[in-house]
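Student: With the sequence up front, the predicted model follows.
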Amino acid sequence: MNTAQAKARADILKALAHPTRVLMLDALSRGDRCVNDLRGLAATSLPTISRHLDKLKKAGIVTERREGKKVIHHLACPCMLEALRCTCDVLDSVGKRRSKAGAPAAR
């Protein structure tokens, strides 16, 4: 891997670096959604939801299509869900190490 490839990969990971965008991916894993469907995921405005979607689209993780006046968002790379599953494994591992060391586990 060269520096350009590493930067491109880091940019994709940066697109996931917000709790609202993680929630969006989780919702899209269960089917396509319009922006109004995604609005209820976080206590935020519609323009903010749209900006989060734009970051996911620019990273190539989400695509969109028009159905009349609605814009429907689709998880373009379902393999990203594996990355999210991997974060659960990391959290479990950290919790186990902390409990062995006697420190409270992160929640």
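Tutor: Alright, I've got the coordinates.

Student: Does anything pack onto the helix-or-strand element of the chain with minimal mean pLDDT? Which helices or strands?
Tutor: The weakest-scoring helix or strand in the chain, judged by mean pLDDT, DSSP states H and E, is helix 80-101 (a mean of 85). The contact analysis (3 or more C-beta pairs under 8 Å, 6 or more residues apart in numbering; DSSP states H and E) places helix 80-101 against helix 19-28. (Each C-beta comes from the backbone N, C-alpha and C, glycine too.)

Student: what's the helix it packs on in contact with?
Tutor: With contact meaning C-beta atoms under 8 Å, 6 or more residues apart in numbering, helix 19-28 is reached by 15-16, 33, 37-38, 41-42, 44, 48-49, 52-53, 55-56, 61-62, 73-75, 80-81, 84.

Student: are any of the residues you listed buried, and which?
Tutor: Neighbour counting over the contacts of helix 19-28 (16 or more other C-beta atoms under 10 Å) leaves 15-16, 33, 37-38, 41-42, 49, 52-53, 55-56, 61-62, 73, 75, 80 as the buried ones.

Student: pLDDT score for the residue nearest to the spatial centre of the chain?
Tutor: The centroid of the chain falls nearest to V22 when counting by C-alpha atoms, centre = their mean (3.1 Å). For V22, the pLDDT comes out at 94.

Student: The buried ones among the contacts of helix 19-28 in helices, which ones?
Tutor: If you go by DSSP state H, these have 15, 37-38, 49, 52-53, 55-56, 80 in helices.

Student: what's around L25, how many residues?
Tutor: Neighbour count for L25, taken as other C-beta atoms under 10 Å: 21.

Student: Oops, could you answer that again for A59 instead?
Tutor: 19.

Student: For it, give me the backbone phi and psi.
Tutor: Main-chain dihedrals, A59, degrees, to the nearest 10: phi -80, psi -10.

Student: List the buried residues for stretch 77-97?
Tutor: 77, 80.

Student: typed the wrong thing, it's stretch 96-103
Tutor: Quick answer for stretch 96-103: no buried residues (16+ other C-beta under 10 Å).
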